[in-house]
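K.L.:
With the sequence up front, the predicted model follows.
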Amino acid sequence: MSEWLPTLITETPQAGYELAIKLSRVAVKLTQPDAETRERLRPEYAEDSDALIAASHVVATHFATVAAANNYWKDTP
């Protein structure tokens, strides 16, 4: 796999949150590399509140990691 994540450093918290979402999405693609299977499964979890909450938790965990790497954007006004 080619390098797609050169750094966790982002300019802003918003950019950090977007990176957290990307990290989550890439993890799903690496876990289930077959796009057809992901598409087939999507309707199942799209209507499942527990699955959606779990997805939000994964994003939040990634965001915490990115925020820590960015020293919580302490210099951001």
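P.N.:
In hand now; what should we look at?
K.L.:
For the rest of this, base every contact and every neighbour count on C-alpha atoms.
P.N.:
Fine.
K.L.:
what bits of the chain have low per-residue confidence?
P.N.:
For the chain, the stretches with pLDDT under 70 are 1, 76-77.
K.L.:
now with 90?
P.N.:
Counting by pLDDT under 90, the chain shows low-confidence ranges at 1-4, 74-77.
K.L.:
where's Thr31 relative to Ala69, distance?
P.N.:
When distances are taken as Cα to Cα, to the nearest Å, Thr31 and Ala69 turn out to be 24 Å apart.
K.L.:
Those two: which has the busier surroundings?
P.N.:
Taking Thr31 and Ala69 together and counting by other Cα atoms under 10 Å, Ala69 has the greater number of neighbours (15 against 9).
K.L.:
Next, the contact list for that one, please.
P.N.:
When contacts are counted by Cα atoms under 8 Å, 6 or more residues apart in numbering, Ala69 touches 8-9.
K.L.:
from now on call the first residue 33
P.N.:
Shifting the count to begin at 33 puts that one at Ala101.
K.L.:
ok, it to Leu40 distance?
P.N.:
From Ala101 across to Leu40, the span is 6 Å (Cα to Cα).
K.L.:
Likewise for Ser34?
P.N.:
16 Å.
K.L.:
Please identify which of those two sits among more neighbours.
P.N.:
Residue environment comparison for Ser34 versus Leu40 gives the larger neighbour count to Leu40, 14 against 4, counting by other Cα under 10 Å.
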